[in-house]
Each structure stands twice: as structure tokens, then as C-alpha cells.
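Novice: Pasted the sequence and its predicted model underneath.
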Amino acid sequence: MSLLIIWDWDNTLMNTKPAVTAGLQDVVAYFGQAPVTEKEVVNVMTHHRGAFWQNRFGEKIVTAIDYYVLKYQEHLDLVCPFEKTTAVLKAVQEKHIPQVLVSNKNHESLLKEVARHKLSSYFAAVLGTKDFLGKPDPEFVQPILKKIRPEKIIVIGDGQSDMDLARNLNATAILVHRDNADLHRDYTCADLGAVLNVLEKIAF
């Protein structure tokens with residue numbers, strides 16, 4: 001049976017939270033607003049153009065997001081991989097299982113970030129957002145699915161958009177770095193080492 005693994009980026013393979021937080025603080029300061037809260041940072045990292053953007057910026061949402069994308073680039077030194085990121089990607093690659101990276105991050109920014117950390121070679125495709133279409137809409141990943149045509153899919157991520165994407169694709173859902181009882185998932189993993197253990201049981 002042909003298998004495809006769909007990875008999320010932010011807070012899944014890469015610890016981007018410090019950079020995301022700094023970029024968001026830049027945006028709200030630019031618009032003369034109060035500092036972002038921890039809850040708002042989580043919302044941004046787990047929902048595609050979710051409540052934070054709508055509540056804070058309304059009709060100025062596109063301008064705010066564009067400004068955030070620019071400011072985030074100034075904080076890339078704060079981004080770092082998790083301890084087992086390379087190990088788990090390498091283990092999957094050695095089993096000749098195609099892996100793709102699907103993120104609600106701006107597409108061009110995502111490509112640069114993946115290349116910066118020398119991880120591009122692990123992915124058959126890297127897909128970020130270019131407009132309002134993103135996870136969990138299954139249409140977002142259709143170009144990849146039409147090319148690879150997997151019989152089974154595993155989605156690995158930390159947020160609601162990832163778990164909802166898995167449900168929309170009838171895929172196995174692995175939640176990592178987060179334990180939220182409200183989220184649909186098949187497995188919950190504290191870290192990428194635990195993810196690798198699950199993959200060894202269900203994929204290798």
C-alpha cells in the first residue's frame with residue numbers, strides 16, 4: 001500500500017514560536033494595539049487566518065498579514081529545529097516513504113525557511129499558502145495528492161488545522177507537542193521521538 005506522510009512545519013518540525021511571537025508583537029505595535037497574548041500566539045500558529053487576525057484587524061487583515069510576513073523574516077535567528085527533527089525525517093526517507101511539508105505559512109517564506117535549515121531534500125513537495133486557501137481545506141493539498149496518489153495518508157502536526165485536515169482526508173492523525181482533548185486525532189505524542197515510535201509501528 002502506497003503511503004504519504006504530510007508534515008506541518010511550525011511547532012511540529014521547527015520551533016518557530018519565539019519568531020512568530022516577535023513578529024506578531026511588531027505588527028500590533030505598528031497598528032498601535034496592545035501586545036499579543038499567549039492565547040493569540042497559539043491561535044495564529046494553529047488556525048489559518050483565524051480569530052486573532054479577524055478580531056484584531058478586520059478589514060485591514062491583508063495589510064496586517066503582509067506586514068507580519070515581512071517582520072517575521074527579521075526574527076529567523078530565533079527559529080530552530082526540535083531535537084529529533086532531522087532524525088525522524090531521515091528515518092522516513094530511508095524507508096522510501098514520500099513526505100511532504102504542508103503549512104499555512106506564506107509559501108515563499110516557507111521555502112526560504114526550509115532551505116535555510118537544509119531540510120529541503122527530505123520533502124517531495126513543500127506547500128505554503130498564497131491566499132486564503134489553506135489547511136484544513138482538502139482542496140489545498142489536491143495538487144500534491146494528484147501527483148503522488150497515495151492509498152494511505154498520515155498527517156502529523158500540532159494544531160486544529162492539521163487534525164481537521166487529517167479528518168477531511170480520512171487520514172491517520174498524529175498530534176505532537178500539544179495535548180488537547182478537544183482535537184480529533186489517532187495518536188498523541190509529546191515529542192518527535194514519540195512520533196518516530198508511532199511511525200515504526202504503523203508505517204515502517
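Specialist: Received, thanks. Computed from a predicted structure; not experimentally measured.
Novice: Tell me the confidence at residue 130?
Specialist: For residue 130, the pLDDT comes out at 84.
Novice: do the same with residue 159
Specialist: Listed pLDDT for residue 159 reads 89.
Novice: What number of residues are in the vicinity of the closest residue in space to it that isn't next to it in sequence?
Specialist: With C-beta to C-beta, 6 or more residues apart in numbering as the criterion, residue 159 has its nearest non-adjacent residue at 2.9 Å, and that residue is residue 46. Every residue, glycine included, has its C-beta placed from N, CA and C. When neighbours are counted by other C-beta atoms under 10 Å, residue 46 registers 23.
Novice: now residue 19
Specialist: The number of residues near residue 19, taken as other C-beta under 10 Å, comes to 22.
Novice: was I right about it contacting residue 71?
Specialist: No: in this structure, residue 19 is not within contact of residue 71 by C-beta atoms under 8 Å, at 9.7 Å.
Novice: Break the protein down into its domains, please.
Specialist: 3-15+80-202, 17-78 (automatic domain parsing).
Novice: What ranges in this protein fall below the confidence cut-off?
Specialist: The model of the chain has pLDDT under 70 over residues 181.
Novice: tell me what the longest strand along it is packed against?
Specialist: If you go by DSSP state E, the chain has its longest strand at strand 99-106. With contacts defined as 3 or more C-beta pairs under 8 Å, 6 or more residues apart in numbering; DSSP states H and E, the packing partners of strand 99-106 are strand 3-7, helix 85-94, helix 107-116, strand 125-129, helix 142-148.
Novice: Which of the ones you listed sits closest to residue 23?
Specialist: Closest approach to residue 23 among these (C-beta to C-beta): helix 107-116, 10.4 Å.
Novice: a strand runs through residue 179, doesn't it?
Specialist: No: Residue 179 sits outside any strand when classified using DSSP: H, G, I helix; E, B strand; the rest coil, being coil.
Novice: For it, list the residues it contacts.
Specialist: 188, 190 (C-beta atoms under 8 Å, 6 or more residues apart in numbering).
Novice: returning to what we had before: okay if I get the helices and strands packed on strand 99-106 as CSV plus distance to residue 183 and mean neighbour count?
Specialist: Shown next, in CSV, are these (distance: least, C-beta to C-beta, whole Å; neighbours: other C-beta atoms under 10 Å):
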stretch, distance to residue 183, mean neighbour count
strand 3-7, 16, 25
helix 85-94, 21, 17
helix 107-116, 23, 16
strand 125-129, 21, 20
helix 142-148, 23, 13
